[in-house]
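Asker: missing the sequence, but the structure's below:
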């Protein structure tokens, strides 16, 4: 069954915990955004896992080098999943996967910035990662002419386990899941909503139906 992931792009542990407390009943994966981890350090990972031990805690490290070392730090702090950039070398991904196996956890390759997300997703799947994130970052989303449809189309033809991140909302989440994404990643659609819990609940209901 497909999963719903909330991307918490806030900047303090208190803010992240407050949001997670509201939306946890409706999400499967709690993602701690890169700015949040950079601002608060690995302690925010530990705090989130302690608050929600039944959820998968996703540390969006976007590691580009020293894959084994950075992944090990996050796993020891309580992360269940960490990200390594798809634009990094295979050795970095392999190192992170080695750490994941040692801890019984998983690595997600983030394709943000890669010129051929589909090809890279197919390549890195062979390295033992949990799944690949087809990701259009905020800068790409804000560019003229951006549409999440490009990610939906990529998911439909990639042929390997993927998530989609890049503007998932209530209008498109059904298409995201039907394209084959195992995980739908919603950020602003939840944390910027007037009622984050209601927003997460509505998204979750669509995922379950789809």
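Answerer: That came through fine. The structure displayed is predicted, hence computed values, not measured ones.
Asker: going forward, measure contacts between C-alpha atoms and count neighbours the same way
Answerer: Fine.
Asker: which is the next helix or strand following the worst-scoring helix or strand of the chain on mean pLDDT?
Answerer: Among the helical and strand segments of the chain, the one scoring lowest on mean pLDDT, DSSP states H and E is helix 138-141, with a mean of 93. Sequence order places helix 149-158 as the next helix or strand after helix 138-141, per DSSP states H and E.
Asker: and that next one, what does it pack onto?
Answerer: helix 117-125, strand 131-135, strand 162-165 (3 or more CA pairs under 8 Å, 6 or more residues apart in numbering; DSSP states H and E).
Asker: am I right that residue 109 sits in a strand?
Answerer: Yes - remark: residue 109 belongs to a strand, assigned using DSSP: H, G, I helix; E, B strand; the rest coil.
Asker: who's it bridged to?
Answerer: residue 84, residue 132 (DSSP bridges).
Asker: hmm, who's touching the least confident helix or strand of the chain?
Answerer: Residues outside helix 138-141 that contact it (CA atoms under 8 Å, 6 or more residues apart in numbering): 146-147, 166-167.
Asker: in PyMOL, how would I select the buried members of those residues?
Answerer: Applied in PyMOL, the following selects the buried portion of the contacts of helix 138-141 according to 16 or more other CA atoms under 10 Å:
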select buried, resi 166+167
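Asker: for the contacts of helix 138-141, which one is nearest residue 85?
Answerer: residue 166 (15.5 Å; CA to CA).
Asker: about what we covered before: may I see the buried residues of the least confident helix or strand of the chain?
Answerer: For helix 138-141, using 16+ other CA under 10 Å, no residue counts as buried.
Asker: one more: stretch 38-50?
Answerer: Those would be 41-42, 44-49, for stretch 38-50 by 16+ other CA under 10 Å.
Asker: got CSV for those residues, with pLDDT too?
Answerer: Output for the buried residues of stretch 38-50, formatted as CSV (pLDDT from 0 to 100):
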residue, pLDDT
41, 98
42, 98
44, 98
45, 99
46, 99
47, 99
48, 99
49, 99
